[in-house]
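Novice: When you get a sec, could you give me coordinates for this:
(4 chains)
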Amino acid sequence: MEILLFGIAKDIVGKSKIQFAAGEGQPTSVKELRQTLESAYPDLGRLSSMAVAVNSEYVRDELILKPGDEIAIIPPVSGG
Amino acid sequence: MEILLFGIAKDIVGKSKIQFAAGEGQPTSVKELRQTLESAYPDLGRLSSMAVAVNSEYVRDELILKPGDEIAIIPPVSGG
Amino acid sequence: MNKTIIEIVDSLEVSKVYAELSDPQSGGICVFVGTVREVTQGETVVALEFETYRNMALKEMEKIALEAVEKWQLNKVVIRHAIGAKKVEDPVVVVGASAPHRDACFEACRYLIDTLKERVPIWKKEIFKNKTVWVSAHP
Amino acid sequence: MNKTIIEIVDSLEVSKVYAELSDPQSGGICVFVGTVREVTQGETVVALEFETYRNMALKEMEKIALEAVEKWQLNKVVIRHAIGAKKVEDPVVVVGASAPHRDACFEACRYLIDTLKERVPIWKKEIFKNKTVWVSAHP
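Specialist: Numbers count the residues shown, from 1 in each chain, chains lettered A, B, ... in the order given. Sure, this is the predicted structure:
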């Protein structure tokens, strides 16, 4: 499982992707993914907001992650 | 005294200027000017509105006309 | 430096307005372009014809521009109107405002076109297949 | 015919937007251009740097454009955003809407830029003399 990172999330984590090996410890839902990331990188929890996108769509915490999903962390957007 | 006409006012009167000879019958105020024109050309009274400008500014009926003023009849504007 | 560009022209070149409104102190530029629409109230327009009382129109346009500059603290304003014969899709008027933030430039741009339509002595004649109409002339 | 033009580009050419929005059924075109402002919250900006999650950003921009087309019965919509390094006065985003009447194109244009700023995954880093800041990242 691969998580894409952008903007300040990329700076906090220090790279543009996080890999989770299959099996134990791999988050099964968006909610778990958030918890896993925020405990590994506490500065993510200090952002104004942090959304998650799966397959290029904003998703809710209840969503179950499937193999092959394109998952991305969306820190506060600031286009325009 | 010369009155400039535009748009539909020019079409109603049939020319782009009206001349009043100095002396009797020449209107002395904007109000008199309106009355003179509307009795000579009743279709002017059927417009949605008819403003008068003196020296390129909208003016009120009370204004007294002076020799040398540039006077214009402003039918409903429709720019844009 | 002059903040306003006011013009009455025979033919409107719209695309240059962005360069005219660009400003290092502006974060937002809003532009409105009025164009000739093919159908009005169900009838097909062949052409439009605009005429103006030029001195007074320029004076009113300048007043409107300065009112907007003052009210919204604009950096730049453009008001440019075309006169003469126009055909479908031709641009007829372009108004634009540039300001530090977008609220101001949107509100100002709206004010410019609304007030121009109320006050500036320009007259539009719609030419249909079988008649011509001076717009707004009658109740 | 496709009513929407959605793009993410390295360099924004603003002036062509008018031709893209022109339409015989439109009487009004409203365009907003966001540009880099020299001073933000009292500090002088040296440059901005934009990055995006491109696939998702294009998808969100298309959704926003289609929402606006449906809500205001627009004839044409353009949403075009630049990414990469931008300096003061550079255009960063252009949004525009073309509609039969001006109310619709003004409201739609405002919706396009406001909603883009809320939803589209594009991030702006402000580069000052002594620091860099990801805009809106922190409360």
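Novice: okay, CA-based contacts and neighbour counts for the rest of this
Specialist: Noted.
Novice: Is the helix or strand of chain C with the lowest mean pLDDT in proximity to chain B?
Specialist: Taking mean pLDDT, DSSP states H and E as the measure, chain C has strand C:39-40 as its least confident helix or strand, at a mean of 80. No. Residues of strand C:39-40 are not located near chain B by CA under 8 Å from any CA of the partner chain, the shortest gap being 14.3 Å.
Novice: Report the central residue of chain A.
Specialist: A:Ile73 (3.7 Å; CA atoms, centre = their mean).
Novice: The helix ranked longest in chain A vs chain D: in contact?
Specialist: If you go by DSSP state H, chain A has its longest helix at helix A:30-40. No. If you take CA under 8 Å from any CA as the test, helix A:30-40 misses chain D, and the best it gets is 15.2 Å.
Novice: ok, residues contacting the helix or strand following the least confident helix or strand of chain C?
Specialist: Next in sequence after strand C:39-40, counting helices and strands by DSSP states H and E, comes strand C:43-44. Residues from elsewhere that reach strand C:43-44 (CA atoms under 8 Å, 6 or more residues apart in numbering or on different chains): C:Glu38, C:Phe128, C:Lys129.
Novice: swap the cut-off to 10 Å and go again
Specialist: Strand C:43-44 is touched from outside by C:Arg37, C:Glu38, C:Val88, C:Glu126, C:Ile127, C:Phe128, C:Lys129, with contacts defined as CA atoms under 10 Å, 6 or more residues apart in numbering or on different chains.
Novice: Among these, which ones lie close to chain D?
Specialist: Among the contacts of strand C:43-44, proximity to chain D is found for C:Arg37, C:Glu38, C:Val88 (CA under 10 Å from any CA of the partner chain).
Novice: TSV for those residues, including distance to chain A and pLDDT?
Specialist: Compiled in TSV, those are given as follows (distance: CA to the nearest CA, whole Å; pLDDT from 0 to 100):
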residue	distance to chain A	pLDDT
C:Arg37	31	91
C:Glu38	34	88
C:Val88	33	92
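Novice: Would you format those as JSON lines with neighbour count included?
Specialist: Output for these, formatted as JSON lines (neighbours: other CA atoms under 10 Å in any protein chain shown):
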{"residue": "C:Arg37", "neighbour count": "25"}
{"residue": "C:Glu38", "neighbour count": "20"}
{"residue": "C:Val88", "neighbour count": "20"}
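Novice: picking that back up, other SSEs contacting the longest helix of chain A?
Specialist: Helices and strands touching helix A:30-40, by 3 or more CA pairs under 10 Å, 6 or more residues apart in numbering or on different chains; DSSP states H and E, are strand A:51-54, strand A:71-74.
Novice: could you say what helices and strands the one helix or strand C:Val94 maps to packs with?
Specialist: In the assignment (DSSP H and E), C:Val94 maps to strand C:91-99. Under the contact definition 3+ CA pairs under 10 Å, 6+ apart, strand C:91-99 sits against strand C:4-9, helix C:17-21, strand C:28-35, helix C:54-72, strand C:76-82, strand C:84-86, helix C:102-119, strand D:28-35.
Novice: Dump the ones you listed into TSV; add mean pLDDT and distance to chain A as well.
Specialist: Formatted as TSV, the helices and strands packed on strand C:91-99 follow (pLDDT from 0 to 100; distance: least, CA to the nearest CA, whole Å):
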stretch	mean pLDDT	distance to chain A
strand C:4-9	98	26
helix C:17-21	96	17
strand C:28-35	98	10
helix C:54-72	98	21
strand C:76-82	98	20
strand C:84-86	97	35
helix C:102-119	98	10
strand D:28-35	98	6
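Novice: tell me, what residue is most central in chain C?
Specialist: C:Val93 (3.5 Å).
Novice: Which of the three states applies to the closest residue to chain B within chain A?
Specialist: Chain B sits closest to A:Gly80 of chain A, with a gap of 29.3 Å, by CA to the nearest CA. Here A:Gly80 is coil, with the state taken from DSSP: H, G, I helix; E, B strand; the rest coil.
Novice: residues near it, how many?
Specialist: Other residues within reach of A:Gly80, judged by other CA atoms under 10 Å in any protein chain shown, total 28.
Novice: roughly how far apart are it and chain C?
Specialist: 10 Å (CA to the nearest CA, to the nearest Å).
Novice: Just to check, C:Val31 is in contact with C:Val95?
Specialist: Yes. The pair C:Val31 / C:Val95 is scored as a contact, 5.8 Å apart, by CA atoms under 10 Å.
Novice: picking up where we left off before, if I pick the residue nearest to the centre of chain A, what's in contact with it?
Specialist: Shown in contact with A:Ile73 (CA under 10 Å, 6+ apart): A:3-7, A:9-10, A:17, A:33-34, A:37, A:44, A:50-54, A:58, D:53.
Novice: and the gap between A:Gly23 and chain C?
Specialist: 49 Å.
Novice: Please report how far that residue lies from A:Met1.
Specialist: Separation of A:Gly23 from A:Met1 (CA to CA, to the nearest Å): 10 Å.
Novice: Which one of those two is surrounded by more residues?
Specialist: When neighbours are counted by other CA under 10 Å, A:Gly23 and A:Met1 differ, and A:Met1 comes out ahead with 17 against 9.
Novice: What is the burial count for the closest residue to the more buried one other than its chain neighbours?
Specialist: Closest residue to A:Met1 apart from its sequence neighbours, by CA to CA, 6 or more residues apart in numbering or on different chains: A:Phe20 at 5.0 Å. By other CA under 10 Å, the residues close to A:Phe20 number 13.
Novice: try A:Ser29
Specialist: 16.
Novice: so who does it touch?
Specialist: So A:Ser29 contacts A:Gln35, A:Arg60, A:Asp61, A:Glu62, A:Leu63, A:Ile64, A:Leu65, A:Lys66 (CA under 10 Å, 6+ apart).
Novice: and of these, the nearest to D:Glu7?
Specialist: A:Arg60 (27.1 Å; CA to CA).
Novice: The closest one and chain C, how far apart?
Specialist: Per CA to the nearest CA, A:Arg60 is found 31 Å from chain C.
Novice: A:Val52 versus that residue, what's the distance?
Specialist: 8 Å.
Novice: before we move on, what about C:Ile29?
Specialist: On the measure of CA to CA, C:Ile29 and A:Val52 end up 32 Å apart.
Novice: one step back: so can I have a markdown table of the helices and strands packed on strand C:91-99 showing mean neighbour count?
Specialist: Shown next, in a markdown table, are those (neighbours: other CA under 10 Å):
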| stretch | mean neighbour count |
| --- | --- |
| strand C:4-9 | 18 |
| helix C:17-21 | 18 |
| strand C:28-35 | 28 |
| helix C:54-72 | 19 |
| strand C:76-82 | 26 |
| strand C:84-86 | 17 |
| helix C:102-119 | 20 |
| strand D:28-35 | 28 |
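Novice: Need those in TSV (columns: distance to B:Thr28).
Specialist: Listed next are the helices and strands packed on strand C:91-99 as TSV, based on distance: least, CA to CA, whole Å:
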stretch	distance to B:Thr28
strand C:4-9	33
helix C:17-21	45
strand C:28-35	40
helix C:54-72	22
strand C:76-82	35
strand C:84-86	35
helix C:102-119	25
strand D:28-35	44
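Novice: Nothing else from me, thank you.
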